[in-house]
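[1] could you look at this predicted model? Sequence included:
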Amino acid sequence: MTTNIIDLPAVEYLLPGNRTCAGCGLAVAYRFILKALDGKAVMTIPASCLTVLGGMYPVSSVHVPWVNCTFPSTAATATGIAAGLRALGREELRVIAMAGDGGTLDIGIQALSGAAERNEDVLFICYDNEAYMNTGTQRSSATPKGVRTATTPVHGKQENKKDIIQIMEAHGVGYIATASPSYPGDLYDKVLKARDLKGMRYIHIHVPCPPGWAFPTRDTISLGRLAVETGVLALYEIVDGALSFTAKTKTIAKGGGKLRPLEDYLSAQGRFKGMGEEIVAEFQDGVRERWERFAARDRQSAGA
Amino acid sequence: MPRGDRQLVMGNMACMRGAIYAGMRFYAGYPITPSTEIAEGCARELPKLGGHFIQMEDEIGSIGAVIGAAVAGSKAMTATSGPGYSLMQENIGYAYMIEAPCVIVNVQRGGPSTGLPTKVSQSDTMQARWGTHGDYTAITVAPSTVTDTFTETVRAFNLAERFRTPVTILMDEVVGHMQEMVSFPEPGECEVFNRTKPTCVPSSYMAYGPSKTCVNPMPSYGEGYRWFATGLTHDAHGFSTDKPEEVVVELDKLRNKITNYEDEICKVRAEYMDDAEIAIVSYGSVSRTALQVVKLAREAGVKVGFVQLQTVWPFPLKQLRELLAKTAHVIVAELNMGQIVGEVERVALGDTKVHSLLRYDGDIFTPMQFLEKIEEVRS
């Protein structure tokens, strides 16, 4: 059972007064991540919106140690922190590397691949707002096809979103999960579970971004839900290769896999405006194809 | 210039426009403050011209793609700031070694490391000269206004093509983000230089080796000529060598192709220098404050002169020696902890005293800071 939101720990490690934009999905997700870590963590973070969140308020708005590393080095820095703590016998502290989609899928992928291959004792969390938001919305390899950004202004992005989950699976990572700030209990449970495992763990959080996606700041949570209800994001965890749906996705699958039309998700955001019908159809096909692939694996895991 | 041609333009946009004017049709980059507008401008404009914009996965990728495009035959550029410029350094050294003409823009912010992403600095001046490992000679230009940014970008491409070398444009956050009224030249108004292509039969073509000007012609790929590009020290054909006599020839050539043409490369702007008792030497956005201060001082009857380094590297040794020969005092003003001042000290012979005016807190100089320094120097 997913933890109910009212049962989440009352203790706060993310203090009020940070400098994220109004309606930031990352701030919501980060709050629940820190609750699950219970303060026993060292974070390492590269250039990202998260540095804006963490590095303000008299000293810092976060109650855990931070290493704000260079952009390409997140997983390498985490490797060193983990080894250093191990050398000192401080193994009760968890090492969390947390980067945005650019810092994970683009500039950070070499270090991430190295750490995954070595099976470092690191929990790597990617918060995916699907573009470089801290510098003003430039495309990343996580930006969906068709989206207009500051560096894809003419025709929108021409390439598909990079499938980082498959890349992490290919590395044989023992625990992989997806999550959303709109499902805090599910997010909390996954971080809690990953926290207590050894070796490399990877959690991918889909994070709505009001200025970058162009939607009203009050709609962050409902948009995160829409992503799940339309199947754009499937909530699942992959434990030693076995994929199981969780939370709302599990409910949808139990109900026969009836997804809301993709249009509901697309029309709620300015970034998809002007996207050609062909790309919309391709997007919808992609959602359906992924859903069926995941659902088959979910059934297989349940049967096993 | 008719008033209608004037438009309000940001420095970073003027850089993009200058590059396009010079014939740049390939841009590869990665978002980083305060240079991102150059990439965004190229993303908008290049497709309209049949050019190519690629957002790469990081700055190593950006400069790698630029070098690839350059040897393929394109005029190519990337823009970045401190951390990205550091990441590019290995490849910039490679570009020096294979003699790939390309332009790298560094819109400087405070450092070291992440530093002050949104604040002005000139602390990469020495990195532009010595950033990558090994012995080499670098060309670096530094614009101070939006108009300057346009013309210096065109000049940077001309120098890159003329000398078959990477050229750095050292901008800074103030020059990059300020907006000014400018009027851009019409096509044909400014000189645009294209790399010299070989005319010999392909079988006798050598990409390196003996050449009167030290700059060998460079074909585009697919034109029938073959050459070998390697970061290893190479002989006249481009193949690696470790024979001492060949190594020295190659390294001397890399240096001489620039040092032998310093008169052509080095550009210095001097005003009020004829009777100056005190000269202010500056570059980049600082030159704007400096010129204002010189005018204020002159109004007050103090003979202050203005020297702006439009070429920072190679350091305009000869020009400065002539300009400063009769000046009692030189004030070198920089937004760093003192980088170019050491070069000026090497220039100042005889009785010329060199003073340093520095600021590295992320803000620009005020005229008052200069005037106080002038008072200090005079007393």
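    Arrived safely. Residues are numbered from 1 along each chain as shown, chains lettered A, B, ... in the order given.
[2] and B:Ala95, how many neighbours does it have?
    28 (other C-beta atoms under 10 Å in any protein chain shown). (Each C-beta comes from the backbone N, C-alpha and C, glycine too.)
[3] scratch that, A:Asn4 is what I was asking about
    With other C-beta under 10 Å as criterion, A:Asn4 counts 9.
[4] helices of the stretch 1-150 of chain A, start to end?
    A:25-37, A:49-54, A:74-87, A:101, A:109-117 (DSSP state H, counting those that start in this stretch).
[5] can you pull out the low-pLDDT segments for the chain?
    With no chain named, the answer covers chain A. Where chain A drops to pLDDT under 70, the residues are A:55-60, A:304.
[6] my question was about chain B
    When residues are selected by pLDDT under 70, those of chain B lie in B:1-4.
[7] contact residues of it facing chain A?
    With C-beta under 8 Å from any C-beta of the partner chain as the criterion, chain B meets chain A at residues B:30-33, B:36, B:39-40, B:43-44, B:47-48, B:53, B:55, B:57-58, B:83, B:87, B:113-114.
[8] just these: which are in strands?
    If you go by DSSP state E, those have B:53, B:55 in strands.
[9] could you turn the buried ones of the residues of chain B next to chain A into a PyMOL selection?
    This is how PyMOL selects the buried members of these, with burial counted by 16 or more other C-beta atoms under 10 Å in any protein chain shown:
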select buried, chain B and resi 30+31+32+33+36+39+40+43+44+53+55+57+58+83+87+114
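[10] near chain B, which residues of the stretch 1-150 of chain A?
    Where the stretch 1-150 of chain A comes near chain B, counting by C-beta under 8 Å from any C-beta, the residues are A:47, A:51, A:68, A:70-72, A:102, A:106-107, A:109, A:132, A:135-136, A:138-139, A:141, A:150.
[11] circling back to that earlier point, just the helices of the stretch 1-150 of chain A: most buried one?
    helix A:101 (a mean of 27; mean count of other C-beta atoms under 10 Å in any protein chain shown).
[12] next one: it to chain centre, how far?
    A distance of 8 Å separates the centroid of the chain from that of helix A:101, by C-alpha atoms, centre = their mean, to the nearest Å.
[13] what's the answer for stretch B:356-365, then?
    How far stretch B:356-365 lies from its chain's middle: 21 Å, per C-alpha atoms, centre = their mean.
[14] which SS state does the residue sitting nearest the centre point of chain A fall under?
    When chain A is reduced to its mean C-alpha position, the nearest residue by C-alpha atoms, centre = their mean turns out to be A:Ile205, at 1.7 Å. What DSSP: H, G, I helix; E, B strand; the rest coil gives for A:Ile205 is strand.
[15] surely it is in contact with A:Pro184?
    No - in this structure, A:Ile205 is not within contact of A:Pro184 by C-beta atoms under 8 Å, at 11.2 Å.
[16] for the residue nearest to the centre of chain A, give its distance to A:Met98.
    Distance, A:Ile205 to A:Met98, by C-beta to C-beta, to the nearest Å: 9 Å.
[17] host element of the residue of the stretch 201-304 of chain A found nearest chain B?
    The stretch 201-304 of chain A approaches chain B most closely through A:Gly212 (12.4 Å), counting by C-beta to the nearest C-beta. For A:Gly212, the element it lies in under DSSP states H and E is helix A:210-213.
[18] what angle separates the first helix or strand past that helix going along the chain from helix A:25-37?
    For helix A:210-213, the following helix or strand on the C-terminal side (DSSP H and E) is helix A:220-229. Using axes from the mean of the first three to the mean of the last three C-alpha atoms, to 10 degrees, one finds that helix A:220-229 and helix A:25-37 are set 80 degrees apart in direction.
[19] mind listing what's buried in helix A:220-229?
    Buried, per 16+ other C-beta under 10 Å, within helix A:220-229: A:220-221, A:223-229.
[20] got the contact list for the closest residue to A:Gly224 other than its chain neighbours?
    Nearest non-adjacent residue to A:Gly224, counting by C-beta to C-beta, 6 or more residues apart in numbering or on different chains: A:Ser182, 3.0 Å away. The contact partners of A:Ser182, taken as C-beta atoms under 8 Å, 6 or more residues apart in numbering or on different chains, are A:25, A:208, A:220-225, A:227-228.
[21] wait, A:Asp106 touches A:Gln138, no?
    No - counting by C-beta under 8 Å, A:Asp106 stays clear of A:Gln138, with 10.5 Å between them.
[22] buried ones in stretch A:239-255, by neighbour count?
    For stretch A:239-255, by 16+ other C-beta under 10 Å, it's A:243-250, A:252-253.
[23] stretch B:174-191 now?
    Across stretch B:174-191, burial judged by 16+ other C-beta under 10 Å covers B:174-178, B:180, B:182, B:184, B:190.
[24] now, among those, which is nearest to B:Pro202?
    B:Cys190 (33.4 Å; C-beta to C-beta).
[25] show me what contacts B:His133?
    B:89, B:93.
[26] what of the one 10 residues further on?
    Neighbouring residues of B:Pro143 by C-beta under 8 Å, 6+ apart: B:11, B:149, B:151-153, B:169, B:171, B:175, B:284, B:310.
[27] Throw the residues you listed into a markdown table and include distance to B:Ile104 and secondary structure, thanks.
    Converted to a markdown table, the contacts of B:Pro143 look like this (distance: C-beta to C-beta, whole Å; DSSP: H, G, I helix; E, B strand; the rest coil):
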| residue | distance to B:Ile104 | secondary structure |
| --- | --- | --- |
| B:Gly11 | 16 | helix |
| B:Thr149 | 15 | helix |
| B:Thr151 | 18 | helix |
| B:Glu152 | 13 | helix |
| B:Thr153 | 12 | helix |
| B:Ile169 | 7 | strand |
| B:Met171 | 11 | strand |
| B:Val175 | 16 | helix |
| B:Gly284 | 16 | coil |
| B:Gln310 | 17 | coil |
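[28] first to last residue in stretch B:26-39, what's the distance?
    One end of stretch B:26-39 sits 11 Å from the other (C-alpha to C-alpha, to the nearest Å).
[29] repeat that for stretch B:127-137.
    With C-alpha to C-alpha as the measure, stretch B:127-137 spans 12 Å from end to end.
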